[in-house]
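Trainee: What follows is a predicted protein model with its sequence.
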Amino acid sequence: MKTFSKVSAVLLSLAVIAGVLFTNAFAAGVRMGDADLNGSVDVEDALVVLRAVAGENGAYLTAEQRVAADVTYDGVVNSVDALRILLYVSGQVSSLDTIGGEEGDDIIL
């Protein structure tokens with residue numbers, strides 16, 4: 001039972017930290033999907049995510065970029081986030097602000 005309590009406390013702490021990060025990102029005007037932080041969401045953002053995930057030439061994401069790039073809202077930035085950004089750019093996903101939305105937006109979830 002002690003293990004369960006410890007695990008629950010850790011998970012709750014992580015959830016609070018993630019909430020603070022997302023709140024701060026939105027307050028600072030971070031646009032979801034804008035991984036290069038240039039103000040627009042385009043194919044380059046997906047490439048920035050893929051380069052960071054692959055560790056290409058020392059590529060990495062700052063804390064602000066990680067928040068903007070995590071468009072699957074799972075706390076991890078990976079190739080699935082890059083794919084969702086591409087789906088948004090191509091019009092197959094209507095919004096990156098939330099998971100779901102219009103029917104069909106959850107193509108990769």
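Mentor: Perfect, thanks for sending it. Residues are numbered from 1 along each chain as shown.
Trainee: low-confidence ranges in this structure?
Mentor: Low-confidence segments of the chain, defined by pLDDT under 70: 1, 4, 7, 9-28, 100-109.
Trainee: can you rerun that using 80?
Mentor: 1-29, 57, 98-109 (pLDDT under 80).
Trainee: And for residue 31, the neighbour number?
Mentor: 17 (other CB atoms under 10 Å). C-betas here are computed from N, CA, C, even on glycine.
Trainee: wait, it sits on residue 68?
Mentor: Yes. Applying CB atoms under 8 Å, one finds residue 31 in contact with residue 68, separated by 6.5 Å.
Trainee: which stretch of helix or strand covers residue 77?
Mentor: Assignment of secondary structure by DSSP states H and E places residue 77 within no helix or strand.
Trainee: Which strands or helices does the helix or strand residue 68 falls within pack on?
Mentor: Element membership of residue 68 [criterion: DSSP H and E] is helix 63-69. For helix 63-69, the packing partners by 3 or more CB pairs under 8 Å, 6 or more residues apart in numbering; DSSP states H and E come out as helix 2-27, helix 43-54.
Trainee: run the last query once more with 7 Å
Mentor: For helix 63-69, the elements it packs on are helix 2-27, judged by 3 or more CB pairs under 7 Å, 6 or more residues apart in numbering; DSSP states H and E.
Trainee: Tell me how many other residues crowd the residue lying closest to residue 98 once chain neighbours are set aside.
Mentor: Spatially, and ignoring its direct neighbours in sequence, residue 98 is nearest to residue 73 (7.8 Å; CB to CB, 6 or more residues apart in numbering). Residues within reach of residue 73, counting by other CB under 10 Å, total 15.
Trainee: Equivalent analysis for residue 79, please.
Mentor: By other CB under 10 Å, 12 other residues sit near residue 79.
Trainee: That one reaches residue 51, doesn't it?
Mentor: No. Assessed by CB atoms under 7 Å, residue 79 is found out of contact with residue 51, at 11.1 Å.
Trainee: who's in contact with the helix or strand that comes right after the helix holding residue 68?
Mentor: Toward the C-terminal end, the helix or strand that comes next after helix 63-69 (DSSP H and E) is helix 79-89. Here helix 79-89 makes contact (CB atoms under 7 Å, 6 or more residues apart in numbering) with 33, 41-43, 45-46, 49-50, 53, 69-72, 93, 96, 107-108.
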